[in-house]
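J.: build me a model from this:
(one chain, ligands or ions: 1)
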Amino acid sequence: MKTFPNDFIWGTATSSYQIEGATKLHGKGPSIWDAFSSIPGKVHNGETGDIACDHYHTFKEDIQLMKNMGVKAYRFSIAWARVMPTGKDKINEAGIQFYSDLIDELLKADIVPWVTLYHWDLPLALQLENDGWLGTSLPHYFAAYADLCFERFGDRVKNWITLNEPWVASILGYGQGVFAPGRISTSEPYLAGHHFILAHAKAVHIYRNKYSHQNGKIGITNNCDWREPLTDSKEDKEAAERALEFFLAWFADPIYKGDYPKTMKERLGDRLPKFSSEEKDMIKGTSDFFGLNHYTTMYAAHNDGNKKEQSVYGNGGISEDQHVDLSLDDNWKLTSMNWAVVPWGCKKLLQWIDARYDKPDIYITENGCAYNDELVNGEVNDQERLDFYQGYLKACQEAISEGVKLKGYFAWSFMDNFEWASGYDKRFGLHYVDFKTLKRTPKKSALWFGEVIKNNTADI
Ligand code: GAL
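T.: Residues are numbered from 1 along each chain as shown. Next up, the predicted model:
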């Protein structure tokens, strides 16, 4: 049995487009994910978030399920186009009301809201009129939207996350074209990423300057896999470090150190935009905590450029820029996303962050796994997920006991939901959702996780 610190935050996480449904109801404007998922061939089985888990109508029941589990905190995101249908100017009061009711219901249940302002569902009008995240005006519009959210919800919300995983939004949305807005390019990801960082920093300044009386915390959530050197060679060790820099330091270095990593600047040349010195000052120090989404690990090896790099879908970034080959160990177990289950990679990543960014408070804002769960006689025996959580929580506990300031852990996800381009096939939830009846059933892992939360102790 291992015990966690008394003030450890235990939570679950979701995002708006993945669970809410009601995409056209009560004045909500379309988002880039509404548009993207409506194009045949973009999402598995042609599925969309039109109904999803219908959380827009069932949020009270869902909060009751969270309460039954003993969840202390809930991370959800606001759909920008629900509160500002075109992303700017006009406010949709019905959308504000929905999130206001959701927040009140959480507080009534003693669950602390952790609110993400942007989890990829950009208002479509900003894509059409302002070129989405390639447009120089996006940071301005994002900051104005953030301002509205602080004003309306900040009396009750004390934990804000500006952006979820700008790496995924940039690489999958603007590099590989497999996520909205579906663009394919080797330079646009770096331009989009640049605007994400500026948008984040502007929002944080508004929060700190105008809303300091609300006494909240604000940060950003980045995602990163662990990269383990394939061999002990100097080349492979450097390749693994480089891969982590192109993944996590791309976004975290400007925020914690004031600029992009040197290796990115050297390798990308003009494809990596530059920050002015005023911008560097504005960006540096704009995170009260280090939000981390972590799912898996790969080996990294140096590629000398003579053979074509092994490019790994969704996990390597633009590998030609890095000269890194990624691979898996045949002995690693895989989830139904084909992501390897490697708990020690989580511990190493936490230690890497701790060392590189000078011991920040870290919150794992997502960790979890997809399996082909089935409902049998009213129960879901997801033993593999339970094993996954035991492994990863053990890694977290070890990192804490060795000095890493890990302050909280949010399981992804509270319930099965719309898994982006993979549709509803990939089940990440602690609760099983029958997508015909929309009935929720706690899986075995939910019952186990609930016990961990109640006792602050886990049999790991
Ligand atoms: C993250 C993302 C979530 C969820 C999860 C599982 O990248 O923030 O929305 O889909 O991955 O793939």
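
J.: what segments of the stretch 1-150 of the chain are helices?
T.: Using DSSP state H, counting those that start in this stretch, the helices found in the stretch 1-150 of the chain span residues 16-19, 32-37, 55-69, 80-83, 93-108, 124-130, 138-153.

J.: quick one: which of those is nearest the ligand?
T.: With respect to the ligand, and counting by CB to the nearest ligand atom, the nearest of the helices of the stretch 1-150 of the chain is helix 16-19 at 5.9 Å. Backbone N, C-alpha and C define where each C-beta goes, glycine included.

J.: next one: that closest one to chain centre, how far?
T.: Here helix 16-19 shows a centroid-to-chain-centroid distance of 13 Å under the convention CA atoms, centre = their mean, to the nearest Å.

J.: right, and Asn92 touches Ala79 too?
T.: No - with contacts defined as CB atoms under 8 Å, Asn92 does not count as touching Ala79, sitting 10.2 Å away.

J.: when those two are compared, which one has more neighbours?
T.: Legend: neighbour count by other CB atoms under 10 Å for Asn92 and Ala79, higher for Ala79 (27 against 18).

J.: spatially nearest residue to that one (excluding sequence neighbours)?
T.: Once its chain neighbours are removed from consideration, Ala79 has its nearest residue in Ser16; the separation is 3.9 Å (CB to CB, 6 or more residues apart in numbering).

J.: ok so, going back, possible to save the helices of the stretch 1-150 of the chain as a markdown table with mean pLDDT, distance to the ligand and mean neighbour count?
T.: Converted to a markdown table, the helices of the stretch 1-150 of the chain look like this (pLDDT from 0 to 100; distance: least, CB to the nearest ligand atom, whole Å; neighbours: other CB atoms under 10 Å):
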| stretch | mean pLDDT | distance to the ligand | mean neighbour count |
| --- | --- | --- | --- |
| helix 16-19 | 99 | 6 | 26 |
| helix 32-37 | 99 | 11 | 23 |
| helix 55-69 | 98 | 14 | 18 |
| helix 80-83 | 99 | 15 | 27 |
| helix 93-108 | 99 | 18 | 17 |
| helix 124-130 | 99 | 19 | 20 |
| helix 138-153 | 99 | 18 | 20 |
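
J.: using a markdown table, lay out these together with distance to Met337.
T.: Below are the helices of the stretch 1-150 of the chain laid out as a markdown table (distance: least, CB to CB, whole Å):
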| stretch | distance to Met337 |
| --- | --- |
| helix 16-19 | 15 |
| helix 32-37 | 19 |
| helix 55-69 | 22 |
| helix 80-83 | 27 |
| helix 93-108 | 28 |
| helix 124-130 | 27 |
| helix 138-153 | 29 |
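
J.: does the ligand have contacts with the longest helix that the chain contains?
T.: Here the longest helix in the chain is taken by residue count, with DSSP state H as the criterion, and it is helix 188-210. No - Helix 188-210 lies apart from the ligand when judged by CB under 6 Å from any ligand atom; the minimum separation is 14.0 Å.

J.: residue numbers of the chain in contact with the ligand?
T.: Going by CB under 6 Å from any ligand atom, the residues of the chain near the ligand are 15, 18, 164-165, 168, 223, 293, 366, 412, 419-420, 428.

J.: how about a cut-off of 8 Å?
T.: Contact residues, the chain versus the ligand (CB under 8 Å from any ligand atom): 13, 15, 18, 119-120, 164-165, 168, 221, 223, 293, 295, 337, 366, 368, 370, 412-413, 417, 419-420, 422, 426, 428.

J.: so which of the residues you listed sit within helices?
T.: Among the residues of the chain next to the ligand, the subset assigned to helices under DSSP H consists of 18, 168.

J.: ok, of the residues of the chain next to the ligand, which come out buried?
T.: Buried residues within those, counting neighbours by 16 or more other CB atoms under 10 Å: 13, 15, 18, 119-120, 164-165, 168, 221, 223, 293, 295, 337, 366, 368, 370, 412-413, 417, 419-420, 422, 426, 428.

J.: distance between the helix-or-strand element of the chain with minimal mean pLDDT and the chain's centre?
T.: Of all the helices and strands that make up the chain, the one with the lowest confidence by mean pLDDT, DSSP states H and E is strand 324-327; it has a mean of 91. Shown here is strand 324-327, whose average C-alpha point lies 23 Å from the average C-alpha point of the whole chain (CA atoms, centre = their mean).

J.: run me through the strand neighbours of it, direction for each.
T.: According to DSSP bridges, strand 324-327 forms sheet pairs with strand 297-302 (antiparallel).

J.: export the strand it pairs with to PDB, keeping only CA atoms.
T.: The C-alpha trace of strand 297-302 is given here as PDB (Å, rounded to 0.1, in the frame of the first residue of the first chain):
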ATOM      1  CA  THR A 297       6.800   5.900 -24.200                       C
ATOM      2  CA  MET A 298       9.000   5.100 -27.300                       C
ATOM      3  CA  TYR A 299      12.700   4.400 -27.900                       C
ATOM      4  CA  ALA A 300      14.600   7.100 -29.700                       C
ATOM      5  CA  ALA A 301      17.600   6.500 -31.900                       C
ATOM      6  CA  HIS A 302      19.800   8.900 -33.900                       C
END
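
J.: buried sites along it?
T.: Those buried within strand 297-302 under the rule 16+ other CB under 10 Å are 297-302.

J.: now do stretch 199-214
T.: For stretch 199-214, the neighbour count (16+ other CB under 10 Å) marks 199-207, 211, 214 as buried.

J.: and stretch 246-266, by the same measure?
T.: 246-261, 263-264.

J.: which ones among these lie within strands?
T.: When these are checked against strands (DSSP state E), there are no matches.

J.: pLDDT at the closest residue to Asp281 other than its chain neighbours, what is it?
T.: For Asp281, the nearest residue in space outside its immediate sequence neighbours is Gly258; the separation is 7.5 Å by CB to CB, 6+ apart. What the model reports as pLDDT for Gly258 is 98.

J.: Gly258 and Met282 touch, don't they?
T.: No - at 9.8 Å, Gly258 and Met282 do not qualify as touching, with contact defined as CB under 8 Å.
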